[in-house]
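Novice: sharing a model that was predicted from the sequence below.
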Amino acid sequence: MRRAGLLSLALAAALLGAAAGAAWAADASGAAGRTPVPHPPKGRGDHCVADTEFMRRNHMAMLLHQRGETVHLGERGMKYSLAACVDCHAAPGADGVPVTYANPKHFCRSCHDYAAVSIDCFECHASRPGDADKTTAIDGRDADFAVLNDYLKGTKP
């Protein structure tokens with residue numbers, strides 16, 4: 001009797017495993033469609049600075065490199081910038097005005113929420129085009145930034 005119970009249990013486990021494997025295979029192929037994926041709004045240009053798959057995997061490295069060049073070396077107006085990303089990928093709200101990062105429909109937020117990735121870019125930078133960059137709007141710090149920029153330019157190797 002005990003042996004029959006163990007065989008039934010083993011058979012049930014094997015069937016459950018096979019069903020789970022089939023479900024996983026269907027999900028992996030995208031056939032099941034059970035897992036929602038983000039669908040960020042497309043940019044307004046014909047193409048991005050690089051192809052979509054490259055940007056999905058490497059945008060953060062590009063932004064960090066740009067940040068290093070800008071913050072540490074004082075270089076501005078380079079090819080890749082957060083302001084250019086925001087300008088091109090701004091998602092309009094119901095009123096037609098681009099939404100801020102506080103809105104779940106924001107281009108960056110759509111994927112970062114999905115991936116459970118916290119970003120802090122918009123603590124300092126504007127999250128929609130046309131808004132003043134927060135770094136230049138902080139009580140008279142423009143002069144401090146100018147002095148720092150001059151200092152950095154003087155100490156470049």
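Specialist: Nice, thanks for sending it over.

Novice: pLDDT score for Pro80?
Specialist: Pro isn't right for residue 80; it's Tyr. Per-residue pLDDT puts Tyr80 at 76.

Novice: same question, Thr70
Specialist: At Thr70, pLDDT is 79.

Novice: hmm, it is touching Arg76, no?
Specialist: Yes - contact between Thr70 and Arg76 holds when scored by C-beta atoms under 8 Å: they sit 6.1 Å apart. No exception for glycine: its C-beta is placed from N, CA and C like everyone else's.

Novice: between the two, who's got more neighbours?
Specialist: Thr70 (15 against 9; other C-beta atoms under 10 Å).

Novice: residues of the helix or strand where Leu64 lies that come out buried?
Specialist: Leu64 is part of helix 52-67, with elements assigned from DSSP states H and E. Buried residues in helix 52-67, defined by neighbour count with 16 or more other C-beta atoms under 10 Å: 59, 62-63, 66.

Novice: using CSV, write down the CA coordinates of it.
Specialist: The C-alpha coordinates for helix 52-67 follow below in CSV (Å, rounded to 0.1, in the frame of the first residue of the first chain):
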residue,chain,number,x,y,z
THR,A,52,17.2,49.5,-30.2
GLU,A,53,18.7,46.3,-28.8
PHE,A,54,22.1,48.0,-28.2
MET,A,55,20.3,50.9,-26.4
ARG,A,56,18.3,48.5,-24.2
ARG,A,57,21.5,46.8,-23.0
ASN,A,58,24.0,49.7,-23.0
HIS,A,59,22.1,53.0,-22.4
MET,A,60,23.3,53.2,-18.8
ALA,A,61,26.9,52.7,-19.7
MET,A,62,26.6,55.4,-22.3
LEU,A,63,25.0,57.8,-19.8
LEU,A,64,27.6,57.0,-17.1
HIS,A,65,30.4,57.7,-19.6
GLN,A,66,28.7,60.9,-20.6
ARG,A,67,28.3,61.8,-16.9
